[in-house]
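# Next input, structure requested:
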Amino acid sequence: MSSMTPRVSRRSFTVGALLAAGTAGLPIMVKAQEGKTVALLFDSLVSPFWVSGIEIMREEAAARGWETLEAISDFDDNRQFEQVRAMIEREVDGILIIQTDSNAVIPAIRAANEAGIPMVHFNRPPAESDAYSVAIQADNRKIMQDTVQFMVDEAQAQGGTYKACILIGDLGDVNAIQRRDGFFDIVDQHPDLIEVVGRVSTEWNADKAFAGLTNALQANPDINFLVTSSDFLHPQIEQALKIAGKWHPRGEEGHVLFGGFDGDAGAYQLLVDGYLDACGVQNLFLEVDMAFGAFEEMWAGNKPEKLLLDPGFVITQDNLEEVRDEMWGYIVWQQQNP
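A predicted model of the protein is given here:
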């Protein structure tokens, strides 16, 4: 990990590049005080949410006197299972995992159970099974409902009718399903106000998102209500809207009502600049605290519920200054804009 990366704080964490060994799926030892050793197994670092997440975990682990071992599977379920087995052989005290497939991870949970090693899933719960592990997840559906409801209220206040488009994530990821469902929970209540004319399947791929949104805008040039299931797609959305001549801030004619999800630094900047109307924020600080707290509970012999939810919140230009300190992306943004 680069020592040149600035340290940022709501509680101080480092946002930096992952070591090359991590992206190759090789374990990295991060030295800390004597104590527990926890494996951090990510499937990728393709989004700022994951990059910031692993950095916060490093800082929080060090603060607790833990060591961390890290490995990245690059979306390879078999590689990740081998990484779990390797961590079991090293007799780690806990395994935090972000799996690609909710079903493929079940054998890994069983292996951890047999070894007596607690497992916590970060942000993505596994499929239902009799294997025991704890999952930390944002309340995706409710956060998306609240985000879209704010946008609906704005649309009603502005008057007129709206043509909507949603960028949907990988439907193999329960987060994507829940966010999609939260969107439709609200817009389906307003058929006279909003017609959904675009459903872009991104599979969490930026190129597919850009191509799909570009096609949707060509087929429906009157789209004026847009929601993305993840903020990491904002650059592609901006590019597509600019090409279509529809990239305008609030208050300007032609502004597209625009909602996001995650709460990264780019989302904060777009809120400041007036292009983004609302963003559903996952409280990354809280989720890390919940994950590490679950380990501590299990080490103490307790058995937490299998699913623990982060309620999250919605940030808008109306409450920006009030709640931005709880937005992990704002903390990153501060360091990028000293």
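
# and Pro304, how far is that from Gln282?
20 Å (CB to CB, to the nearest Å). Any C-beta I mention is one placed from the backbone N, CA and C, and that applies to glycine too.

# More neighbours: the two, which one.
Under the criterion of other CB atoms under 10 Å, the comparison of Pro304 against Gln282 puts Gln282 first, with 28 against 18.

# For that one, which non-adjacent residue is closest in space?
Excluding the flanking residues, the one nearest Gln282 by CB to CB, 6 or more residues apart in numbering is Ala138, at 4.2 Å.

# What residues does that neighbour make contact with?
Ala138 makes contacts with Asn123, Asn175, Gln282, Asn283, Glu287, Leu309, Asp310, Gly312, as judged by CB atoms under 8 Å, 6 or more residues apart in numbering.

# Inside strands: which ones of those?
Taking DSSP state E as the definition of strands, these contribute Leu309, Asp310.

# quick one: contacts for Ala108?
Gln80, Phe81, Val84, Ile97, Gln99, Met119.

# what secondary structure does the fifth one sit in?
In three-state terms, and counting by DSSP: H, G, I helix; E, B strand; the rest coil, Gln99 is coil.

# can you pull the pLDDT of it?
At Gln99, the pLDDT value in this model is 94.

# Report how many residues lie close to the nearest residue to it once chain neighbours are set aside.
Using CB to CB, 6+ apart and skipping the chain neighbours, the partner closest in space to Gln99 is Val105 (3.9 Å). Applying other CB under 10 Å, we find 28 residues neighbouring Val105.

# Can you name the residues that contact Val105?
Contact analysis of Val105 by CB under 8 Å, 6+ apart lists Asp77, Gln80, Ile97, Gln99, His121, Pro126, Ala127.

# Quick check on it: phi, psi?
Per-residue torsions, Val105: phi -80, psi -10 (degrees, to the nearest 10).

# residue ranges of the strands in the stretch 101-250 of the chain, please?
Per DSSP state E, counting those that start in this stretch, the stretch 101-250 of the chain carries strands over the ranges 119-122, 134-138, 162-168, 194-201, 225-228.

# deepest of those strands, which one?
Among those, strand 225-228 has the highest mean neighbour count (mean count of other CB atoms under 10 Å), at a mean of 28.

# What average pLDDT does it get?
Rounded mean pLDDT across strand 225-228 is 98.

# just checking, what packs against that strand?
Packing partners of strand 225-228 (3 or more CB pairs under 8 Å, 6 or more residues apart in numbering; DSSP states H and E): helix 140-158, strand 162-168, helix 234-243, strand 257-262.

# excluding its backbone neighbours, what's nearest Asp77?
Nearest residue to Asp77 in three dimensions, chain neighbours excluded: Ala104, at 4.0 Å (CB to CB, 6+ apart).

# That neighbour and Ser44, how far apart?
In this view, Ala104 and Ser44 are 15 Å apart by CB to CB.

# swap in Ile237?
Ile237 is 21 Å from Ser44, by CB to CB.

# Settle it for me: which of those two has more neighbours?
Each of Ile237 and Ser44 had its neighbours counted (other CB under 10 Å), and the higher figure belongs to Ile237 (26 against 16).

# need the contact list for that one.
Leu167, Ala209, Leu213, Leu226, Thr228, Phe258.

# swap in Gln80?
Counting by CB under 8 Å, 6+ apart, Gln80 touches Leu41, Asp43, Ser73, Ile97, Gln99, Thr100, Val105, Ala108.

# go on, Arg90?
Going by CB under 8 Å, 6+ apart, Arg90 touches Thr37, Ala39, Leu69.

# Can you tell me which of these is closest to Gly160?
Of all these, Gly160 sits closest to Ala39, with 52.7 Å by CB to CB.
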